[in-house]
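Engineer: Starting from these lines, generate the structure:
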Amino acid sequence: AAVHIEEAKTKDEESEELFSTTSIVLSLLIAVLELGAEKRSDSDESFFQSVLPSLHVLSSGCVERGGLESAQESMMVPELAEMASHAMALIVARDKTDNTDDVQKPAVTIGQSRLEAIVEKLSQAECDLQSSQPPLRAKG
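Structural biologist: Sure, this is the predicted structure:
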């Protein structure tokens, strides 16, 4: 009986460690997606696309275990599902942005007054805010 208790304790510890590691990895992925470079290499983008199926599984919130979940696991599963869903949304939204304004325009062009530059920037922000694409609205 003592061996069975030790085995159960080890499985609980392993499960908690797995949830903790998954949470850290998802946090780092979200940080890279939110704060990282606006333009990424094709290999980086293909990597993000390749993790979508795994994120989809995590976002479903299903835990496949033989026994009952511990209280810690029942709290962690929805948290991991939410993080995975958020990461998926960030990856998919990257594909939906309009790439016509990839080049950053200088604030003031030759022959343009500072006031004209401000008006132009405000009108661009207004267009971004009216966009149906969430990333453009967020940029505005």
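Engineer: And the strands in this protein, which stretches?
Structural biologist: Counting by DSSP state E, the chain yields no residue ranges for strands.
Engineer: Need the single longest helix in it, by residues.
Structural biologist: Taking DSSP state H as the assignment, the helix of the chain that covers the most residues is helix 2-35.
Engineer: Tell me the buried residues in that helix?
Structural biologist: Residues of helix 2-35 classed as buried by neighbour count (16 or more other C-beta atoms under 10 Å): Ser15, Phe19, Thr22, Leu26, Leu29, Leu33. For the C-beta atoms, the positions are set from N, CA and C on the backbone; glycine is no exception.
Engineer: shaky segments in the protein?
Structural biologist: Counting by pLDDT under 70, the chain contains low-confidence residues at 1-9, 63-75, 95-112, 133-140.
Engineer: any chance you could map the helices in it?
Structural biologist: Per DSSP H, the chain carries helices over the ranges 2-35, 42-50, 52-59, 71-95, 114-130, 134-139.
Engineer: Report the angle between the first one and helix 52-59.
Structural biologist: In terms of direction (axes from the mean of the first three to the mean of the last three C-alpha atoms, to 10 degrees), helix 2-35 departs from helix 52-59 by 120 degrees.
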